[in-house]
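>>> Sequence unavailable; structure follows:
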């Protein structure tokens with residue numbers, strides 16, 4: 001029980017931090033985006049490896065969670081304000097719409113919870129914050145791809 005409670009605290013802290021980051025002007029750093037995405041993919045795979053169910057037993061609900069994250073990531077990447085600062089560096093800043101998209105992704109995950117629970121392998125995806133990790137990892141990856149593609153000058 002305390003493990004699940006600790007996971008929930010971590011999820012809440014990460015979510016509050018995500019909202020904070022959306023309102024802050026941040027320099028776009030391609031290597032940092034790639035490293036953060038890889039860390040979250042690793043954490044997601046690591047938490048999945050602790051489960052005794054094989055990946056094929058939960059492929060449909062896993063796909064649904066990944067799609068929620070990808071759609072939210074693309075949407076937040078497209079609405080984020082990207083601009084070149086006076087110092088010549090690229091910056092990004094989200095706003096109210098970005099925060100609403102993040103909240104809607106969580107709402108959709110909650111709405112799909114019953115559907116996910118009824119799918120084969122769906123029960124364990126809702127345990128211990130694993131479903132949040134899947135959605136958030138997919139969201140980070142897709143948002144990073146969209147933002148970096150919008151700032152192609154970073155790679156020149």
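The structure has been received and is ready for your questions. What you see is a predicted model, and the numbers here were worked out from it, not measured in a lab.

>>> contacts, neighbours, all on C-alpha from now
OK.

>>> Could you find the closest non-adjacent residue to the residue nearest the centre of the chain?
By CA atoms, centre = their mean, the chain has its centre lying nearest to residue 136, at 2.1 Å. With sequence-adjacent residues excluded and distances taken as CA to CA, 6 or more residues apart in numbering, residue 136 is closest to residue 69, at 6.0 Å.

>>> check which helix or strand covers that neighbour.
Under the criterion of DSSP states H and E, residue 69 resides in helix 59-79.

>>> Tell me the helix or strand right after the helix or strand bottoming out on mean pLDDT in the chain.
When each helix and strand of the chain is scored by mean pLDDT, DSSP states H and E, helix 122-125 comes last, with a mean of 65. Proceeding N to C from helix 122-125, the next assigned helix or strand is helix 130-150, under DSSP H and E.

>>> just checking, what packs against that next one?
On a contact count with 3 or more CA pairs under 8 Å, 6 or more residues apart in numbering; DSSP states H and E, helix 130-150 meets helix 30-49, helix 59-79.

>>> Identify all contacting residues around it.
Residues from elsewhere that reach helix 130-150 (CA atoms under 8 Å, 6 or more residues apart in numbering): 11, 30, 33-34, 37, 40-41, 43-44, 47-48, 62, 65-78, 82, 125, 154.

>>> Kindly recompute the last result at 7 Å.
If you take CA atoms under 7 Å, 6 or more residues apart in numbering as the criterion, helix 130-150 is touched by 30, 33, 37, 40-41, 44, 47, 65-66, 68-70, 72-74, 76-78, 125.

>>> Now, of those residues, which are buried?
Among these, those classed as buried by 16 or more other CA atoms under 10 Å are 33, 37, 40-41, 44, 65-66, 68-70, 72-74, 76-78, 125.

>>> just to revisit the earlier point, off-centre distance for the next helix or strand after the helix holding residue 69?
Once the chain leaves helix 59-79, the next helix or strand it forms, by DSSP H and E, is strand 81-84. Centroid separation between strand 81-84 and its chain, computed with CA atoms, centre = their mean, to the nearest Å, is 21 Å.

>>> Stretch 94-113 now?
Mean C-alpha position of stretch 94-113 versus that of the full chain (CA atoms, centre = their mean) differs by 11 Å.

>>> cool, stretch 88-101 as well?
Its chain's C-alpha centre lies 15 Å from the corresponding centre of stretch 88-101 when counted by CA atoms, centre = their mean.

>>> ditto for stretch 24-44
With CA atoms, centre = their mean as the basis, stretch 24-44 stands 11 Å off its chain's centre.
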